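Novice: Okay, structure incoming, though there's no sequence with it:
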């Protein structure tokens, strides 16, 4: 976001991709882990961590097609859009984040 303002005078556009779940192999990224860092840790079956990993893996498997994300990104770059969202259903979550940020600003404006 900061780069967008800095680079605009140079005619360089910046886009920030904010994707939801996309059918990628990101859950298998350990396959690229350099040997010097040791084996990828696998959570103990049945633990909360393992259940969370399984849930995220399922959401990725059911995510949108990477080609759809690529098309959206290309369109955004061509239109010089700063923000590129892929999942409109995540609007509520983003609005919640903005509300929390706004509340924090309100607290900053009030003397101790």
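Specialist: Received, thanks. These numbers were taken from a predicted model, which means no experiment stands behind them. Numbers count the residues shown, from 1 in each chain.
Novice: pLDDT below threshold where in the protein?
Specialist: Low-confidence segments of the chain (pLDDT under 70): 110, 112.
Novice: Scan it for its longest helix.
Specialist: Longest among the helix segments of the chain by residue count, using DSSP state H, is helix 91-109.
Novice: Find out how far the helix or strand containing residue 52 is from the centre of the chain, if you would.
Specialist: Here residue 52 sits within helix 48-61, counting by DSSP states H and E. Computed by C-alpha atoms, centre = their mean, to the nearest Å, the chain-centroid distance of helix 48-61 equals 16 Å.
Novice: Please apply the same query to stretch 97-112.
Specialist: When C-alpha coordinates are averaged (C-alpha atoms, centre = their mean), stretch 97-112 and its chain have centres 24 Å apart.
Novice: Residue 81 in helix, strand or coil?
Specialist: Here residue 81 is recorded as coil under DSSP: H, G, I helix; E, B strand; the rest coil.
Novice: what's the burial count for it?
Specialist: As a burial measure, residue 81 scores 16 neighbours (other C-beta atoms under 10 Å). For the C-beta atoms, the positions are set from N, CA and C on the backbone; glycine is no exception.
Novice: again with residue 82
Specialist: 13.
Novice: Could you report the separation of it from residue 99?
Specialist: Relative to residue 99, residue 82 is positioned 21 Å away (C-beta to C-beta, to the nearest Å).
Novice: how about residue 92, what does it touch?
Specialist: Not one residue lies near residue 92 by C-beta atoms under 8 Å, 6 or more residues apart in numbering.
Novice: Next one: it from residue 9, what distance?
Specialist: Using C-beta to C-beta, we find residue 92 at a distance of 36 Å from residue 9.
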